[in-house]
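Q: Here you go, sequence then predicted model.
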There are 2 protein chains.
Amino acid sequence: MQIGFLGGTGIEGKGLAIRFAASDVSVVIGSRSRERGVETADRYNTILGRKSIQGMSNQEMLACCDLIFLTVPPQQAVAAIQSVHDHFRKGQILIDVTVPMLFRQGRAEYVEQEGGISNSEALAKHLPEGVQLAAAFKTIPAHVLEDNAESLNCNIFVCSDSEEARGAVIELAGILPAVRPLDAGNLITARTLERMTVLAVNLNRKYKKKGARYRIEGL
Amino acid sequence: MQIGFLGGTGIEGKGLAIRFAASDVSVVIGSRSRERGVETADRYNTILGRKSIQGMSNQEMLACCDLIFLTVPPQQAVAAIQSVHDHFRKGQILIDVTVPMLFRQGRAEYVEQEGGISNSEALAKHLPEGVQLAAAFKTIPAHVLEDNAESLNCNIFVCSDSEEARGAVIELAGILPAVRPLDAGNLITARTLERMTVLAVNLNRKYKKKGARYRIEGL
């Protein structure tokens, strides 16, 4: 299996890319510029201590990966999808990890979408037919993902309107150590997950920590 | 300290009333009918094995309690508040534990309020001036609360636009064993907490359990 990162050069994708590579998953960093993709992959390989992450253009990445993380800032998500719209292939699964929030008076606020839908549901409308969207990994702080020495020790909530996509992402997430992925149902659950991320950010601020993340007790 | 339950005869209040009484908090069950209040208190006292819960009419309860749980089915919440509107006293804190959801095709769905606000924010508008609303205990399944032998072993998220109310409810929740209450900020966070409850219900259904509840790791 080979997983790709659409817009994989930023902070959003770094931790996931390195953690999956450390778990022997073949990882491709995609970027608008092939050079930046290669450069970023080289940097991550240095952190990993071995050459197992490849860098490519987003188009090249889409030609060789079936599970693709969308790891751009939320306000760039639609543009990122549109820029490679015709390069997607039927059966591919895009995993949206983005959460739109802004900071006001020291607190994070969720950016509500028109019609009360989640950012993931809004993005799903921009995908070509035959490409499925899943929302997952939204509730884990980038800070925790990035610190590969820290055990994740949490649940990962996976939702999608495609049962097949949900299953594939649950299987993928289960590769990471100390993680239990959970089937969180249809994509509408992204409305919950995105808000949970904002709550975790605010709890971090309130309690002066950086790693707040969710575990379900009793399941 | 004496805590009251507005509409305390139903399943919503049972577990909380018994758990607080078991932790030596003085508990008053309020009901539209004094007799039903007394009857319910007697039943709970039998479970507790001692006579420490009192039953009263909602009006009598409001005259002697400062922290009051609103424990009616969500669709009756506004009517319950309106029925005793003039009996509230300044400085009282109402704790809303209700979550509006419906079941369709075997799944729980969150009932969105007009304008995208939470049920708690909608209720707050019906309270007399000087009475503060806090949302808390929403995310713990009634099934878990009711089984007093089971350790709660989770976090309780408390939010309110009144810092004083938030502090008082956090202090109250902290009395229960194996619980860490968390300051979840302003009442707007109820939009998150109510949806989290629906997610927990759906996880229970998916994984054939009854006790899914939230713990924050890394805080």
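A: Perfect, thanks for sending it. Numbers count the residues shown, from 1 in each chain, chains lettered A, B, ... in the order given.
Q: Is residue A:133 within a helix or a strand, and which one?
A: Assigned by DSSP states H and E, residue A:133 belongs to strand A:132-135.
Q: Next, the buried residues of the helix or strand following that strand.
A: Per DSSP H and E, the first helix or strand lying C-terminal to strand A:132-135 is helix A:142-146. For helix A:142-146, a neighbour-count test (16 or more other CB atoms under 10 Å in any protein chain shown) marks A:142, A:143, A:144, A:145 as buried. Heads up, the C-betas are built off the backbone N, CA and C, glycines and all.
Q: Would you mind measuring from the residue nearest to the first one when sequence neighbours are not counted to chain B?
A: Leaving out its chain neighbours, the residue that sits closest to residue A:142 by CB to CB, 6 or more residues apart in numbering or on different chains is residue A:11, at 5.5 Å. Distance of residue A:11 to chain B, computed by CB to the nearest CB, to the nearest Å: 18 Å.
Q: burial of residue A:11, as a residue count?
A: 12 (other CB atoms under 10 Å in any protein chain shown).
Q: Can you read off the pLDDT for it?
A: pLDDT for residue A:11: 87.
Q: again, but for residue A:179
A: pLDDT, read off for residue A:179, is 96.
Q: Distance of it relative to chain B?
A: Using CB to the nearest CB, residue A:179 is found at 11 Å from chain B.
Q: mind listing what that residue touches?
A: By CB atoms under 8 Å, 6 or more residues apart in numbering or on different chains, the contact list for residue A:179 reads A:152, A:153, A:154, A:155, A:156, A:173.
Q: Need those in a markdown table (columns: distance to residue B:127 and secondary structure).
A: Formatted as a markdown table, those follow (distance: CB to CB, whole Å; DSSP: H, G, I helix; E, B strand; the rest coil):
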| residue | distance to residue B:127 | secondary structure |
| --- | --- | --- |
| A:152 | 42 | coil |
| A:153 | 40 | coil |
| A:154 | 37 | strand |
| A:155 | 36 | strand |
| A:156 | 39 | strand |
| A:173 | 43 | helix |
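Q: Out of these, which end up buried?
A: Among the contacts of residue A:179, those classed as buried by 16+ other CB under 10 Å are A:152, A:154, A:155, A:156, A:173.
Q: on that earlier part again, and chain B, which of the contacts of residue A:179 reach it?
A: Among the contacts of residue A:179, proximity to chain B is found for A:153, A:154 (CB under 8 Å from any CB of the partner chain).
Q: just checking, what packs against the helix ranked longest in chain A?
A: Ranked by residue count, the top helix of chain A under DSSP state H comes out as helix A:190-206. Counting contacts by 3 or more CB pairs under 8 Å, 6 or more residues apart in numbering or on different chains; DSSP states H and E, helix A:190-206 packs against strand A:101-104, strand A:107-110, helix A:119-124, strand A:132-135, strand A:154-160, strand A:213-217, strand B:179-183, helix B:190-207.
Q: Turn these into TSV, columns for distance to residue B:107.
A: Shown next, in TSV, are the helices and strands packed on helix A:190-206 (distance: least, CB to CB, whole Å):
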stretch	distance to residue B:107
strand A:101-104	27
strand A:107-110	23
helix A:119-124	16
strand A:132-135	17
strand A:154-160	12
strand A:213-217	17
strand B:179-183	28
helix B:190-207	6
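Q: which one is the residue most central in space within chain A nearest to, not counting chain neighbours?
A: Centroid-nearest residue in chain A, with CA atoms, centre = their mean: residue A:97, separated by 3.2 Å. Among residues not flanking residue A:97 along the chain, residue A:137 sits closest, at 4.5 Å (CB to CB, 6+ apart).
Q: ends of stretch A:180-190, how far apart?
A: 18 Å (CA to CA, to the nearest Å).
Q: roughly how far is that stretch from the heart of the chain?
A: Chain-centre distance of stretch A:180-190: 14 Å, with CA atoms, centre = their mean, to the nearest Å.
Q: before we move on, back to that, nearest to chain B, of the buried residues of helix A:142-146?
A: Checking the buried residues of helix A:142-146 against chain B with CB to the nearest CB, the nearest one is residue A:144 at 6.7 Å.
Q: Enumerate every residue touching that closest one.
A: Here residue A:144 is in contact with A:15, A:150, A:152, A:210, A:211, A:213, B:218 (CB under 8 Å, 6+ apart).
Q: try 10 Å this time
A: Residue A:144 makes contact with A:15, A:150-154, A:200, A:210-213, B:217-218, according to CB atoms under 10 Å, 6 or more residues apart in numbering or on different chains.
Q: Need those residues in JSON lines (columns: pLDDT and distance to residue A:118).
A: Shown next, in JSON lines, are the contacts of residue A:144 (pLDDT from 0 to 100; distance: CB to CB, whole Å):
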{"residue": "A:15", "pLDDT": "95", "distance to residue A:118": "22"}
{"residue": "A:150", "pLDDT": "91", "distance to residue A:118": "28"}
{"residue": "A:151", "pLDDT": "95", "distance to residue A:118": "29"}
{"residue": "A:152", "pLDDT": "96", "distance to residue A:118": "23"}
{"residue": "A:153", "pLDDT": "96", "distance to residue A:118": "26"}
{"residue": "A:154", "pLDDT": "97", "distance to residue A:118": "20"}
{"residue": "A:200", "pLDDT": "97", "distance to residue A:118": "16"}
{"residue": "A:210", "pLDDT": "93", "distance to residue A:118": "25"}
{"residue": "A:211", "pLDDT": "94", "distance to residue A:118": "24"}
{"residue": "A:212", "pLDDT": "97", "distance to residue A:118": "20"}
{"residue": "A:213", "pLDDT": "97", "distance to residue A:118": "19"}
{"residue": "B:217", "pLDDT": "97", "distance to residue A:118": "23"}
{"residue": "B:218", "pLDDT": "95", "distance to residue A:118": "24"}
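Q: buried subset of those?
A: Neighbour counting by 16+ other CB under 10 Å classes A:15, A:152, A:154, A:200, A:211, A:212, A:213, B:217, B:218 among the contacts of residue A:144 as buried.
Q: Can you list the buried residues in the strand holding residue A:133?
A: Across strand A:132-135, burial judged by 16+ other CB under 10 Å covers A:132, A:133, A:134, A:135.
Q: same thing with stretch A:112-126?
A: Quick answer for stretch A:112-126 (16+ other CB under 10 Å): A:112, A:113, A:117, A:118, A:119, A:120, A:121, A:122, A:123, A:124, A:126.
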